[in-house]
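> Got a predicted structure plus its sequence, pasted below:
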Amino acid sequence: MRVGVLTGGGDCPGLNAVIRAVVRKGIEIMGWEVVGFRNGWRGPMTGESRPLGLSDVEEILTRGGTILGSSRTNPYKEDGGVDKIKATLADQRIDALIAIGGEDTLGVAKKLTDEGIGVVGVPKTIDNDLAATDYTFGFDTAVHIATEAIDRLRTTAESHYRAIVVEVMGRHAGWIALHSGLAGGANVILVPENPFSIDQVVEWVERRFERMYAPIIVVAEGALPEGGAEMLTSGEKDAFGHVRLGGVGTWLADEIAARTGKESRAVVLGHVQRGGTPTAYDRVLATRFGLHAVDAVKDGDFGTMVALRGTDIVRVKLAEATAELKTVPPERYEEAEVFFG
Ligand code: F6P
């Protein structure tokens with residue numbers, strides 16, 4: 001049996017741990033050949049691949065990024081993309097694919113399964129916004145990085161009695177903002193799920209200043225003020241219609257300074273949150289996902305995705321996994337509000 005593996009979408013700490021688990025179990029336990037496709041769905045379209053042996057996955061467990069490269073290529077948006085994939089799989093005698101990715105990559109995996117290609121999905125995203133799994137690997141690492149940044153920013157904010165706005169990733173879901181904000185004791189947390197009132201934010205900030213402390217405001221990149229994106233002076237949108245990194249954080253810092261008369265700074269954490277070595281939690285979760293994906297291929301259980309439910313790894317239908325995003329529910333946000341101001 002020859003099994004292909006690929007990583008699609010934004011990179012994420014833990015991808016290499018999945019690849020390692022697939023290769024180790026695939027070769028040593030199942031006796032398969034494992035083939036790595038380059039750059040997400042682009043690899044199966046162009047045929048760019050290489051055999052993955054045991055030595056290829058030595059010492060990659062702790063490494064961030066992905067040894068296979070990644071892209072956001074969608075074969076359904078490319079001329080003849082799906083036919084090219086079918087031709088490559090036939091040419092390279094690939095019996096099944098393990099696709100590691102987020103919403104877009106898994107959406108493609110689902111459609112290809114419907115066309116008769118054997119695909120098993122592995123969920124990944126630092127955003128933790130895939131509904132069918134309790135957690136995605138990469139999220140814990142991103143939250144750790146953001147929390148450490150908040151801890152560091154607090155001491156400099158206090159020293160200068162300034163407000164610091166920390167913009168974290170999360171276009172549609174505010175999980176990183178919520179968890180890093182709670183862990184870092186943020187005085188305001190803003191998420192895409194709840195349009196915020198700038199008057200209310202300023203009130204919380206002023207309350208903090210009155211108590212002679214420097215406020216820390218954690219904002220997800222996709223959070224918007226009531227009234228929408230047009231409120232953000234520097235908030236141009238990207239090709240996906242999302243406010244560009246740096247838009248909301250900078251706007252907020254400027255508004256806070258203008259309305260309170262206090263100094264204010266914006267720090268955009270950006271891709272720092274996706275880089276570097278995964279936490280122990282993410283290494284374990286990614287490894288377990290890889291091992292269980294091999295089992296799903298062995299069972300011929302295609303069109304499924306491995307998922308974490310409680311402490312168990314289960315299989316769910318890809319259709320279910322890609323049907324909706326998991327956003328921050330109001331009751332989780334209300335828990336955090338206790339600490340605002
Ligand atoms: O989906 C993961 C993610 O890191 C988002 O949080 C962020 O909005 C986006 O990817 C950034 O994408 P890119 O790496 O293409 O700039």
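Yep, that arrived. Numbers count the residues shown, from 1 in each chain.

> So if we follow the domain assignment, how does the protein break up?
2-137+278-321, 140-275 (automatic domain parsing).

> now the longest one: mean pLDDT?
For domain 2-137+278-321, mean pLDDT is 97.

> So it, near the ligand or not?
Yes - for domain 2-137+278-321, a contact with the ligand is found by C-beta under 6 Å from any ligand atom, at Gly10, Gly102, Thr125, Ile126, Asp127. Where you see a C-beta, it was placed from the backbone N, CA and C, and this is true even at glycine.

> who in the stretch 101-250 of the chain is up against the ligand?
Residues of the stretch 101-250 of the chain lying near the ligand (C-beta under 6 Å from any ligand atom): Gly102, Thr125, Ile126, Asp127, Met169, Gly170, Arg171, Glu221.

> between those, which is nearest the ligand?
Checking these against the ligand with C-beta to the nearest ligand atom, the nearest one is Met169 at 3.3 Å.

> Hmm, Ala142 and Arg274 touching each other?
Yes - using C-beta atoms under 8 Å, Arg274 is in contact with Ala142, at 6.8 Å.

> Would you format the domains of the chain as CSV with mean neighbour count and distance to Ala336 included?
Putting those into CSV (neighbours: other C-beta atoms under 10 Å; distance: least, C-beta to C-beta, whole Å) gives the following:
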stretch, mean neighbour count, distance to Ala336
domain 2-137+278-321, 21, 16
domain 140-275, 20, 5
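
> Mind putting the residues of the stretch 101-250 of the chain next to the ligand into TSV with secondary structure and distance to Gly31?
Compiled in TSV, those are given as follows (DSSP: H, G, I helix; E, B strand; the rest coil; distance: C-beta to C-beta, whole Å):
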residue	secondary structure	distance to Gly31
Gly102	coil	31
Thr125	coil	32
Ile126	coil	34
Asp127	coil	36
Met169	coil	40
Gly170	coil	42
Arg171	coil	42
Glu221	coil	45
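
> quick check, nearest of the residues you listed to Ala253?
For those, the residue nearest Ala253 by C-beta to C-beta is Glu221; the value is 13.9 Å.

> what sits against the residue lying closest to Ala163 once chain neighbours are set aside?
In space, and not counting its chain neighbours, Ala163 is closest to Ser264: 4.2 Å by C-beta to C-beta, 6 or more residues apart in numbering. Contacts for Ser264 (C-beta atoms under 8 Å, 6 or more residues apart in numbering) come out as Arg162, Ala163, Ile164, Val165, Ala253, Asp254, Ile256, Ala257.

> report the longest helix in the protein, please.
helix 139-160 (DSSP state H).

> Past that one, which element shows up next along the chain?
strand 163-168 (DSSP states H and E).

> So what are the sheet partners of that next one and their directions?
Strand 163-168 pairs in its sheet with strand 216-220 (parallel), strand 264-268 (parallel), by DSSP bridges.

> tell me the angle the longest helix of the chain makes with strand 264-268.
Counting by axes from the mean of the first three to the mean of the last three C-alpha atoms, to 10 degrees, helix 139-160 lies at 160 degrees to strand 264-268.

> helices or strands next to helix 139-160 in the packing?
strand 163-168, helix 175-183, strand 216-220, strand 264-268, helix 280-298 (3 or more C-beta pairs under 8 Å, 6 or more residues apart in numbering; DSSP states H and E).

> what about dumping the CA coordinates of that helix to CSV?
Extracted in CSV, the C-alpha atoms of helix 139-160 (Å, rounded to 0.1, in the frame of the first residue of the first chain):
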residue,chain,number,x,y,z
PHE,A,139,-3.7,26.3,19.5
ASP,A,140,-2.0,25.6,22.8
THR,A,141,1.3,26.8,21.4
ALA,A,142,-0.2,30.0,20.0
VAL,A,143,-1.9,30.7,23.3
HIS,A,144,1.4,30.1,25.2
ILE,A,145,3.2,32.5,22.9
ALA,A,146,0.5,35.2,23.2
THR,A,147,0.4,34.8,27.0
GLU,A,148,4.1,35.2,27.3
ALA,A,149,3.9,38.3,25.2
ILE,A,150,1.1,39.8,27.4
ASP,A,151,3.2,39.1,30.5
ARG,A,152,6.1,40.9,29.0
LEU,A,153,4.1,43.8,27.7
ARG,A,154,2.4,44.3,31.1
THR,A,155,5.7,45.2,32.8
THR,A,156,6.7,47.7,30.2
ALA,A,157,3.1,49.1,30.2
GLU,A,158,3.2,49.5,34.0
SER,A,159,6.6,51.2,33.8
HIS,A,160,5.3,53.9,31.5
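
> sorry, back to before: give the residues shared as contacts by Arg274 and Ala142.
Common contacts of Arg274 and Ala142 (C-beta under 8 Å, 6+ apart): Pro13, Ile126, Met169.

> now the residues you listed in TSV, with distance to Ile98?
What follows is the shared contacts of Arg274 and Ala142, written out as TSV (distance: C-beta to C-beta, whole Å):
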residue	distance to Ile98
Pro13	19
Ile126	20
Met169	25
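
> Closest one to Lys317 out of those residues, please.
The nearest member of these to Lys317, counting by C-beta to C-beta, is Ile126 at 23.9 Å.

> From Gly8, how far off is the closest one?
14 Å (C-beta to C-beta, to the nearest Å).

> next one: Ala280
25 Å.

> now swap in Phe209 and tell me
45 Å.

> can you check Gly341 too?
Computed as C-beta to C-beta, the Gly341 to Gly8 distance reads 42 Å.
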